[in-house]
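J.: Just to be clear, the model below is a prediction. Sequence and coordinates:
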Amino acid sequence: MPVSEKIGLLPGFGWVVDQHWFGDSWWSHLLSTLLVCWLLTPVGHIVFAYITQKIVIPIDKRRQWQSFFPGDLYLGGAVALLVLASDSGSERDGAWWQSTGWHGFVIVCTMSVAIAMTLVVDRPMMPLSALLSPSKLYHNFLLYGGYGYVVVTTLIAALAGGGGLWLIAGALVLSSPWAYYVLKDSSADEEATRLKQSTAHPATYWLFWCIPVRGSYTK
C-alpha cells in the first residue's frame, strides 16, 4: 500500500511520498523521496525564481541565507526519513490520524503558519515587491505549508503506528543543521543581513520576464 494511502495524505501529496524510482526496496523509497524534496527546494526554488522573475538565486553563504542553502538539503533528508518512518509502521484502518478531518485541520494550520510567517515575521524586514514575489511565496508556502503538513502527519502516523524510532531520531539529527543555520542567520549583523535580503529576495525584478517590478530595501 502506498504510504499516502496508508496514512491518509490529502490528494496531491502522494507524488511526493510514494516514489520508488530505483526499485521496491526501502532505500529506493528513501532516496526517491529525498530527491523529490531536493527538486522542490532548493532546486525548484531556484528554477522558479528564474522563470518567474528573471533572477539567478545565489547559494554562497555571503549572499544567501544558510537556512536555505545548504539548510534545505538537510531538511529534505529529515522529511524523507519521516516518510520512511510512517511507512514502516503497522497498517491500520480507520484510525483518527488517517481521517480527512485530521489532515484538513493540519493543512489549514500549516498554511496559516505560512501566511503568518510571510505577513508578520517577514513583512517588517522586506519591501512588498520582495515579500510578495513569486519565489518568496513559493518557498514560504512550500516550507511552512507543504513540508509542515507532511512532517506533522508522517510524524504522528509513525508514532501512532509503531514506526521505526531510529528513523524519527535520524530525522531529528538531520534537521539540527537546518535549525542551527536558522539561528545563525537570525543573529547575523545588520550589514550581512541587508546584503542577504537584497540578493536572496531582490526587490527589483522582471515579473515573467516582461513586467518591471521595482522596490528597495533602503526606503
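T.: Noted; the coordinates are in hand.
J.: Give me the helices and strands touching the lengthiest helix in the chain, please.
T.: The residue-count maximum for a helix in the chain (DSSP state H) belongs to helix 165-186. Here helix 165-186 touches helix 71-88, helix 148-160, going by 3 or more CB pairs under 8 Å, 6 or more residues apart in numbering; DSSP states H and E. The C-beta positions use only the backbone N, C-alpha and C, and glycine is treated the same way.
J.: separation between the residue most central in space within the chain and T154?
T.: To find the centre residue of the chain, average its C-alpha atoms and take the closest one (CA atoms, centre = their mean): that gives L143, at 2.7 Å. Distance of L143 to T154, computed by CB to CB, to the nearest Å: 16 Å.
J.: could you pull out the helices for the chain?
T.: Assignment of helices within the chain using DSSP H yields the ranges 3-7, 14-17, 26-38, 44-53, 71-88, 100-116, 128-131, 134-140, 148-160, 165-186, 190-200.
J.: Next up, the contacts around the residue nearest to W38 when sequence neighbours are not counted.
T.: In space, W38 comes closest to G76 once its chain neighbours are excluded; the distance is 5.1 Å by CB to CB, 6 or more residues apart in numbering. Residues in contact with G76, defined by CB atoms under 8 Å, 6 or more residues apart in numbering, are L34, C37, W38, L40, T41.
J.: Narrow those residues to those that are buried.
T.: Buried residues within the contacts of G76, counting neighbours by 16 or more other CB atoms under 10 Å: L34, C37, W38, L40, T41.
J.: need the contact list for the last one.
T.: Spelled out, it's T41. T41 makes contact with F68, D72, G76, H139, L142, L143, according to CB under 8 Å, 6+ apart.
J.: go on, the fourth one?
T.: Taking CB under 8 Å, 6+ apart, we find L40 in contact with V16, G76, L142, G146.
J.: could you dump those to CSV with pLDDT and distance to S28?
T.: Listed next are the contacts of L40 as CSV, based on pLDDT from 0 to 100; distance: CB to CB, whole Å:
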residue, pLDDT, distance to S28
V16, 95, 15
G76, 98, 16
L142, 98, 24
G146, 98, 23
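J.: Mind giving me the ChimeraX command for buried ones among these?
T.: To isolate the buried ones among the contacts of L40 in ChimeraX, judged by 16+ other CB under 10 Å, type:
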select :16,76,142,146
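J.: show me what contacts S133?
T.: T52, Q53, H201, P202, Y205, V213 are the contacts of S133 under CB under 8 Å, 6+ apart.
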